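Trainee: Here you go, sequence then predicted model.
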Amino acid sequence: MLIDIVSVFPEYFDVLNLSLLGKAQEKGLLEFRVHNLRDWTHDVHHSVDDTPVGGGAGMVMKPEVWAQCLDDLLDIPPLEDIAQADEQTSEKRGSNAILVFPNPSAPTFTQKDATELSHADHLVFGCGRYEGYDGRLPAYYAAQGFDVREYSIGDYVLNGGEVAVSVMVEATTRLLDGFMGNHDSIVEESYTGSEGLLEHRQYTKPASWRGMDVPEILLSGHHANIDRFRRDEELRRTSAIRPDIIARLDCRALDKKDRKF
Ligand code: ADE
């Protein structure tokens, strides 16, 4: 998988060379390319933003600079060449990339989205700053035939898209085959295993610590009872913490013993 990330603060992504992400690059599972948007500017000040049309506070990122950058990363030929080419204009040109823009006013990024992104060969993330990017940008690339996604990572506003992109990159790349040492840990964890229930609590040794004991059943060696205990805890935790997940549960996935919840 090739991941291009565009930002006016490319240093933010130095962390990508650390830990599992760094190892995944060494193993050849992934290639990251981090770009400075200002490299596509042509003025002395390398400006990437302008005042909002219609008034209002802050600055908006200019579409021309973004488009020059994205056209390059997506292998889209210069507009003049396209005009000369004898081909249907509706046909999509360039890479098969999915284009992702973080945006606090977009649908929330979920595990399902991470799974979808993990199947792509090429992801291009564009980090907005200030009051965000010009609203025509996602619509333009969607009209060119690209799969364009806008996601929020939660109901709060960050200073820019960099942290949101780091979150989405981590959630996506850890799903790649060969990324995690133990694939089972991905299958069992919250939001993917057990129909999307929150995961049960985990314990390790010692069985008794500072007067607190691990639940006795976990020491019994009785696997069916342990599974039931964990499943009950998942249902109980999810009902208490995330009733919205319970409301969305597919009842056909529940068994008779689940019904008391
Ligand atoms: N940019 C600023 N806040 C954001 C959020 N919550 N999600 C995604 N992008 C953002």
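Mentor: Done, it's in. Residues are numbered from 1 along each chain as shown.
Trainee: ok, so what distance separates the residue nearest the centre of the chain from the ligand?
Mentor: Ranked by distance to the mean C-alpha position of the chain (C-alpha atoms, centre = their mean), the top residue is residue 168 at 2.3 Å. Shown here: residue 168 relative to the ligand, a distance of 9 Å by C-beta to the nearest ligand atom, to the nearest Å. Bear in mind the C-beta positions are built from the backbone N, C-alpha and C, glycine included.
Trainee: That residue and residue 98 touch, don't they?
Mentor: No: using C-beta atoms under 8 Å, residue 168 makes no contact with residue 98, being 11.1 Å away.
Trainee: Now do the shared contacts for these two.
Mentor: Shared contacts of residue 168 and residue 98 (C-beta atoms under 8 Å, 6 or more residues apart in numbering): residue 117.
Trainee: re earlier: state the helix or strand in which the residue nearest to the centre of the chain lies.
Mentor: helix 162-173 (DSSP states H and E).
Trainee: And that helix, what does it pack against?
Mentor: strand 2-7, helix 19-26, strand 98-102, helix 111-117, strand 122-126 (3 or more C-beta pairs under 8 Å, 6 or more residues apart in numbering; DSSP states H and E).
Trainee: and the stretch 51-200 of the chain, which residues reach the ligand?
Mentor: Residues of the stretch 51-200 of the chain that fall close to the ligand, judged by C-beta under 6 Å from any ligand atom: 102-104, 152-154, 156-158, 161, 164.
Trainee: is it possible to export those to TSV including neighbour count and pLDDT?
Mentor: Converted to TSV, these look like this (neighbours: other C-beta atoms under 10 Å; pLDDT from 0 to 100):
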residue	neighbour count	pLDDT
102	27	98
103	20	97
104	17	96
152	17	98
153	20	98
154	11	98
156	7	97
157	8	96
158	14	97
161	28	97
164	24	98
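Trainee: any idea which of the residues you listed is closest to residue 242?
Mentor: residue 154 (13.8 Å; C-beta to C-beta).
Trainee: residue contacts, the residue in the stretch 1-150 of the chain that the ligand sits nearest to?
Mentor: At 3.3 Å from the ligand, residue 102 is the closest residue in the stretch 1-150 of the chain, using C-beta to the nearest ligand atom. Residues in contact with residue 102 (C-beta under 8 Å, 6+ apart) are 125, 127-128, 150-153, 161, 164-165, 168.
Trainee: where along the stretch 51-200 of the chain do the helices fall?
Mentor: Here the stretch 51-200 of the chain has its helices, by DSSP state H, counting those that start in this stretch, at 63-73, 79-84, 111-117, 136-143, 162-173, 184-188.
Trainee: Counting residues, which helix of this structure comes out longest?
Mentor: The longest helix of the chain (DSSP state H) is helix 223-241.
Trainee: mind checking how far that one is from the chain centre?
Mentor: 28 Å (C-alpha atoms, centre = their mean, to the nearest Å).
Trainee: In the helix or strand just after that helix, which residues are buried?
Mentor: Sequence order places helix 243-248 as the next helix or strand after helix 223-241, per DSSP H and E. Going by neighbour count (16 or more other C-beta atoms under 10 Å), the buried part of helix 243-248 is residue 245.
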